[in-house]
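[1] Sequence plus predicted model, see below.
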Amino acid sequence: MNPIRAVGRATLDIFRTIGQVALFAGQGVFSALSPPWFARQLARQIMAIGYLSLPEVGLTAVFTGAALALNIYTGGGRFNAEQIMPQIVALGITRELGPVLAALMLAGRVSAAIAAELGAMRATEQIDAMKTLSTDPFRYLVGPRLLAGVLTLPLLTAVADVIGIAGGWLVATRTLAFNPSLYLRNTADFLTGWDVESGLIKAAVFGFIVTLMGCYHGYNATGGARGVGRATTLAVVSAAILIFLCDYLLTTWFSRA
Amino acid sequence: MSQTPPKLEWRDVAIRLSDRPVLQDLTLSVAPGRSLVIIGGSGQGKSVTIKLALGLMTPDAGQVLVDGVDTTGAVGAARRALFRRFGMLFQGAALFDSLTVWENVAFRLLNADGVPRRLAREQAVEALAKVRLGAEVAALYPGDLSGGMQKRVGLARAIIAAPEIIIFDEPTTGLDPITADAVNDLIVEQVRGLGCTAISITHDLASARKIGDDIAMLHGGRIVWSGPVSALDRSENPYVEQFIAGRADGPITAAL
C-alpha cells in the first residue's frame, strides 16, 4: 500500500475512534444524569467498583507511602534536608500518587471486569435481550457504572491518602527515629486543602476514564471470546494511558490556576 | 369491508452485512394468531430476519410492518413501545448472569414498568409455574440451571407480560430430543393460551412441525417456499425436499 495512504488511513482511524469514544462518553453522561435511574444497579456498581477495591488500593497506598518515605529520606540526606520528608510524602501522596495509583489499580481491576462482563453480555445476546425487554441497555449498564466510578474513586483516593501517609509515618517512626506526633503535626501544618482537593478532582476524572474505557470496549466488543479478550486488554491499556495523559494535563492546569 | 392486515410483515426487505447480501427482497407475513416457522440452512439470514422484525437491526431497503403500520424507522420511545408488544426467546436464552431467575423473568416489570419488587416476584413465580418450574428455582442464578431449564426461564420471561407477538430463535437447539419435545409442548401451550402470534426460526423439522401452523423456507436471502405445515411433505420444491431429506446433494450447498 502507498505509505501516504497508509498514514492517512491510520490518521482517519484515530480520529474516528476519538469521535466514537466522545459520542459514547456524551451518551453515557446523559444516561447517568437523566431519568430513569436504576438505583439498585448504581448501588451494586458502587459496591463492586468502590468497596471491593479497598484492599488493593489500601495495600498499594501503604507500601507506596513507606517506599516514598525511605526514598525522600535518602535523597534529602544528600543536602541535609531529611526533616522535610513528612511534608514531601504528604504532598506526593495527596497530589499525585494517591489518585494515580488508585486509578491504575482500578484500571486493572475494574476496567477489565467491566469490559469482560459487557463483552460477554454482547456475545451472548444479553444486551439485545435487554432492549427487547423495553430497557435501554445504555442507561442500565453504562450510566450506573460511569456514575459509580466518578463517585467512588475520590473516596478510594481519600482512603489511599490516609493510608499512604500512614505508611510513611510507620517507616519514619519505626526505622528512621522520627518523633511520631511531630511527624503528624508537620504533615497537618504543611498540607493545604487544595493539596487534597486537587487530588480528589483528579480521582473523579480518573474514575470516569476507568469506567468509560471498560464500558466502551466491552459494549462494542465483537467476535465472541476472542473479541471479549481483546476488549479487556484494550480497556486496561487505554485507561492506563489516558490516566497518565489526563494526570499531566490536570497537573499543568492546576499549577497555572 | 376492510381486510385485517397481517400481524407482522416483511415487505421487500433487503440487507447487506459485511458487503454480503443477506436478505434480498424478502416478503413474508404472518396473520394474527398464527404460528409461522421459518426454516432454512445455516447462514441463510433467519436470525437477521427476526432481528429486523424486532428493530434490533435496520434494513437497507424495504419495510417491517406491525398491524399494517410501518415500524422500520422507529427509535427511542416509539421503539420501546413496540418492544412491549413483543416477547422473545433467544437461542441461548440470553439470561442475565448477575440476576436471579425471578429477577430475569420479572426484568421488564421491574425496570420498564416500575412494578414493586414483591409483586413482580409473585408474577415471576406464576410465570415460572406456567413453564413447569417450581418456586424453589426463583432464587437460583442462571448458571445453576441446565440448558433445558434456562430455555424454560427464557420462555417465562417472554410470556410474563402477555405479548401480542412472541419470537422463538432456535428454541430447541442444544437440547436432547425429550427435553426439546417438552419445550415444544410448552411453546404450543403458552402461544395458544395467550392467543398471540408466534414466529419461530429453526432447522429442527420435528420442532417446526409441532409448533408451526405455517412454514416458510428461507434460502439465498429469499423465501423459496411457504405454506401450511400439512403441505410441507408434498411441496414439490427442490429446496424443501432436500432440507427435509437432509441430503448433501441438491440446490442447497452445505455450509462448510
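    Happy to help now that I have it.
[2] Following the chain onward from the helix or strand containing residue A:72, which element is next?
    Secondary structure assigned from DSSP states H and E places residue A:72 in helix A:54-76. Scanning forward in sequence from helix A:54-76 by DSSP H and E, the next helix or strand is helix A:85-91.
[3] Give the other helices and strands that that following helix contacts.
    helix A:54-76, helix A:143-175, helix A:180-190 (3 or more CB pairs under 8 Å, 6 or more residues apart in numbering or on different chains; DSSP states H and E). Where you see a C-beta, it was placed from the backbone N, CA and C, and this is true even at glycine.
[4] Could you list the low-pLDDT ranges of the chain?
    Answering for chain A, as no chain was given. Within chain A, no stretch has pLDDT under 70.
[5] was after chain B, sorry
    Applying pLDDT under 70 to chain B flags residues B:1-2, B:255-256.
[6] Mind giving me the packing neighbours of the helix holding residue A:72?
    Counting contacts by 3+ CB pairs under 8 Å, 6+ apart, helix A:54-76 is packed against helix A:85-91, helix A:98-106, helix A:143-175.
[7] so of those, which one's packed in deepest?
    helix A:98-106 (a mean of 27; mean count of other CB atoms under 10 Å in any protein chain shown).
[8] buried stuff in whatever helix or strand comes next after that one?
    Using DSSP H and E, the next helix or strand after helix A:98-106 towards the C-terminus is helix A:112-123. Neighbour-count burial for helix A:112-123 flags A:112, A:113, A:114, A:115, A:116, A:117, A:118, A:119, A:120, A:121, A:122, A:123 (criterion: 16 or more other CB atoms under 10 Å in any protein chain shown).
[9] still on that earlier bit, for the helices and strands packed on helix A:54-76, which one sits closest to residue B:251?
    Nearest to residue B:251 among the helices and strands packed on helix A:54-76 is helix A:143-175; the distance by CB to CB comes to 49.9 Å.
[10] list the helices and strands the closest one packs on?
    Applying 3+ CB pairs under 8 Å, 6+ apart, we find helix A:143-175 packed against helix A:3-33, helix A:39-45, helix A:54-76, helix A:85-91, helix A:98-106, helix A:180-190, helix A:193-219.
[11] Just send the helices and strands packed on helix A:54-76 back as a markdown table, with distance to residue B:6 too.
    Putting those into a markdown table (distance: least, CB to CB, whole Å) gives the following:
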| stretch | distance to residue B:6 |
| --- | --- |
| helix A:85-91 | 72 |
| helix A:98-106 | 52 |
| helix A:143-175 | 38 |
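[12] Minimum distance to residue A:18: which of those helices has it?
    Between residue A:18 and the helices and strands packed on helix A:54-76, the tightest spacing by CB to CB is seen for helix A:143-175, at 18.1 Å.
[13] That closest one to helix A:98-106, inter-axis angle?
    Angle of helix A:143-175 versus helix A:98-106, following axes from the mean of the first three to the mean of the last three CA atoms, to 10 degrees, is 120 degrees.
[14] Spit out the contact partners of the residue nearest to residue B:8 when sequence neighbours are not counted.
    Distance criterion CB to CB, 6 or more residues apart in numbering or on different chains; nearest residue to residue B:8, sequence neighbours excluded, is residue B:30 at 5.1 Å. Applying CB atoms under 8 Å, 6 or more residues apart in numbering or on different chains to residue B:30 gives the contacts B:6, B:7, B:8, B:9, B:36, B:197, B:199, B:214.
[15] Check residue B:89 too.
    Per CB under 8 Å, 6+ apart, neighbours of residue B:89: B:151, B:154, B:155, B:157, B:158, B:166, B:167, B:168, B:169, B:171.
[16] Just give the closest residue to the second one, not the sequence neighbours.
    Just to be clear, that refers to residue B:154. Once flanking residues are discounted, residue B:154 sits nearest to residue B:93: 3.7 Å by CB to CB, 6+ apart.
[17] So that neighbour: helix, strand or coil?
    Assigned state for residue B:93: coil (three-state reduction, DSSP: H, G, I helix; E, B strand; the rest coil).
[18] circling back: show me what counts as buried in the helix holding residue A:72.
    Across helix A:54-76, burial judged by 16+ other CB under 10 Å covers A:56-58, A:60-62, A:64-66, A:68-70, A:72-73.
[19] residues in the stretch 1-150 of chain B within reach of chain A, list them.
    Counting by CB under 8 Å from any CB of the partner chain, the residues of the stretch 1-150 of chain B close to chain A are B:51, B:54, B:56, B:80, B:83-84, B:86-88, B:90-92, B:94-98, B:107-108, B:111-113.
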